[in-house]
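> Compute the structure for the input listed below.
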Amino acid sequence: MVRLCRAVLLLGLTGTSLGQAQDTGKPDPTFELRDGDRVVFLGNSFFERARQHGYLETSLALRWPGRKVTFRNLGWDGDTVFGHSRTGGRRRSVFGNPEEGFGKLIAHLRQLDPTVVFVAYGWNESFAGIQGAPDFRKGLERLLTEAGNRRFVLLSPTPAERGFGAELPFRKAGQKAGPDYVSQRNAVLKFYRDAVASVAGKGGHHFVDLFSTLQQGKEPYSSNGIHPGTTGYRRIARIMAQRLHLPEPVVALGSKEAESLRHAIVKKNTLYFHRWRPRNDAFVYGERKNEQAIAQTEPAKFEPFVTTQETAIRKQLEALK
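Residues are numbered from 1 along each chain as shown. Coordinates of the predicted model:
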């Protein structure tokens with residue numbers, strides 16, 4: 001707790017408070033997906049797990065069913081704005097320089113050439129403590145710069161949630177109990193939320209504050225105190241719609257038609273996941289790629305299946321116009 005207070009004081013004295021979110025150039029609060037947009041979800045476990053639920057993509061697609069928009073999910077569990085999860089080989093048996101991971105992240109993004117990028121980082125970086133928030137902010141700014149001239153929507157980290165056994169206060173022998181773990185984590189995460197908000201305000205990007213909004217709700221949103229579950233992603237889809245001032249969906253998100261679309265989207269996301277994250281990645285990209293050259297041709301074979309599934313999704317959306 002003493003170190004936490006010192007870090008807060010340090011940030012205040014140096015004039016680098018990350019709470020000043022709106023520096024310059026606020027974007028139009030209304031977000032829109034245009035015909036022909038290519039959307040990428042880029043981030044950590046928040047987006048990797050989102051592909052298994054499909055609520056975020058379904059919610060967006062149902063706002064503009066007549067527009068041809070494609071979605072690709074590049075979320076990677078444990079990733080950071082520095083690309084740590086994308087460094088090294090299978091099972092992390094071979095590690096490269098962190099710059100290697102960042103280079104892979106940027107290369108993949110440029111290959112897809114998205115027009116819109118939803119960005120969700122900050123949770124993993126927050127384990128560096130409040131003192132690590134300025135470096136995170138610099139890393140996020142660098143990521144957006146390297147990504148190129150695109151439309152960005154920045155999402156704050158989600159808060160840690162109570163109810164999963166992490167509420168007991170810390171106590172050292174002979175000392176009074178300090179704040180519990182969840183309170184400590186959220187005190188730090190708030191600074192990373194502020195860092196994301198500040199970058200969004202400075203760059204004129206859209207910003208969705210999941211940290212504050214989820215804390216205000218009464219219903220649980222996570223499956224383990226950290227990662228959103230089914231209820232959480234449904235709720236987050238509503239939060240995004242509200243914060244971005246999206247038009248109403250053509251059908252209710254819980255309707256039979258929306259659920260059919262969501263299942264089709266989850267199937268497409270799974271196919272694309274195996275296209276860029278093959279289970280035999282050691283032979284495709286990693287430390288054993290010289291052993292079976294044929295394996296390097298296999299990921300691309302998923303593309304026709306992804307295209308076929310996207311066609312099925314498009315037909316469902318066309319029927320809802």
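> Identify the residues contacting the residue nearest the centre of the chain.
Nearest to the mean C-alpha position of the chain, by C-alpha atoms, centre = their mean, lies residue 120 at 3.0 Å. Residues in contact with residue 120 (C-beta atoms under 8 Å, 6 or more residues apart in numbering) are 41, 42, 43, 44, 46, 47, 75, 155, 157. (Glycine included, C-beta is placed from N, CA and C.)
> Enumerate every residue touching the nearest residue to it once chain neighbours are set aside.
Nearest non-adjacent residue to residue 120, counting by C-beta to C-beta, 6 or more residues apart in numbering: residue 43, 3.4 Å away. Residues near residue 43 by C-beta under 8 Å, 6+ apart: 74, 75, 76, 79, 118, 119, 120, 121, 155.
> Repeat that for residue 213.
239, 243.
> how about the longest helix seen in the chain as PDB, C-alpha atoms only?
If you go by DSSP state H, the chain has its longest helix at helix 181-203. This file holds the C-alpha atoms of helix 181-203, laid out as PDB (Å, rounded to 0.1, in the frame of the first residue of the first chain):
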ATOM      1  CA  TYR A 181      -6.100  -8.400  -3.800                       C
ATOM      2  CA  VAL A 182      -9.100  -7.300  -6.000                       C
ATOM      3  CA  SER A 183      -8.900  -3.800  -4.600                       C
ATOM      4  CA  GLN A 184      -5.100  -3.600  -5.200                       C
ATOM      5  CA  ARG A 185      -5.500  -4.900  -8.800                       C
ATOM      6  CA  ASN A 186      -8.200  -2.400  -9.600                       C
ATOM      7  CA  ALA A 187      -6.300   0.500  -8.100                       C
ATOM      8  CA  VAL A 188      -3.500  -0.300 -10.600                       C
ATOM      9  CA  LEU A 189      -5.800  -1.200 -13.500                       C
ATOM     10  CA  LYS A 190      -7.400   2.300 -13.200                       C
ATOM     11  CA  PHE A 191      -4.100   3.900 -14.200                       C
ATOM     12  CA  TYR A 192      -4.000   1.700 -17.300                       C
ATOM     13  CA  ARG A 193      -7.600   2.600 -18.100                       C
ATOM     14  CA  ASP A 194      -6.500   6.200 -17.900                       C
ATOM     15  CA  ALA A 195      -3.500   5.600 -20.100                       C
ATOM     16  CA  VAL A 196      -5.700   4.100 -22.800                       C
ATOM     17  CA  ALA A 197      -8.200   7.000 -22.500                       C
ATOM     18  CA  SER A 198      -5.400   9.500 -22.700                       C
ATOM     19  CA  VAL A 199      -4.000   7.900 -25.900                       C
ATOM     20  CA  ALA A 200      -7.500   7.900 -27.400                       C
ATOM     21  CA  GLY A 201      -8.100  11.500 -26.600                       C
ATOM     22  CA  LYS A 202      -4.700  12.600 -27.900                       C
ATOM     23  CA  GLY A 203      -5.100  10.700 -31.100                       C
END
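> what about that helix, average pLDDT?
Mean pLDDT, helix 181-203: 96.
> Could you point out the helix or strand that follows it?
Counting by DSSP states H and E, the next helix or strand C-terminal to helix 181-203 is strand 206-208.
> Could you find the closest non-adjacent residue to residue 191?
Looking at residue 191 with C-beta to C-beta, 6+ apart, the closest residue is residue 133, at 4.4 Å.
> Would you mind measuring from the one you found to residue 40?
25 Å (C-beta to C-beta, to the nearest Å).
> one step back: now do the residue nearest to residue 120 against residue 31, distance only.
17 Å.
> cool, residue 107 as well?
Where residue 31 is concerned, residue 107 sits at a distance of 27 Å (C-beta to C-beta).
> the more surrounded of those two?
residue 31 (19 against 10; other C-beta atoms under 10 Å).
> and that one, which of the three is it?
For residue 31, the assignment made with DSSP: H, G, I helix; E, B strand; the rest coil gives coil.
> so what's the backbone phi/psi at it?
The phi/psi pair for residue 31 (degrees, to the nearest 10) reads phi -100, psi 150.
> Assess the claim that it and residue 152 are in contact.
No. Taking contacts as C-beta atoms under 8 Å, residue 31 lies outside contact range of residue 152: 10.7 Å.
> my guess is residue 304 is in a helix, correct?
Yes. Under three-state DSSP, residue 304 sits within a helix.
> Can you name the residues that contact residue 321?
65, 66, 250.
> Put together TSV for those residues, with secondary structure and distance to residue 217 on each row.
Converted to TSV, the contacts of residue 321 look like this (DSSP: H, G, I helix; E, B strand; the rest coil; distance: C-beta to C-beta, whole Å):
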residue	secondary structure	distance to residue 217
65	coil	29
66	coil	33
250	coil	26
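> Now, of those residues, which are buried?
65, 250 (16 or more other C-beta atoms under 10 Å).
> which of the contacts of residue 321 lies closest to residue 258?
residue 250 (9.1 Å; C-beta to C-beta).
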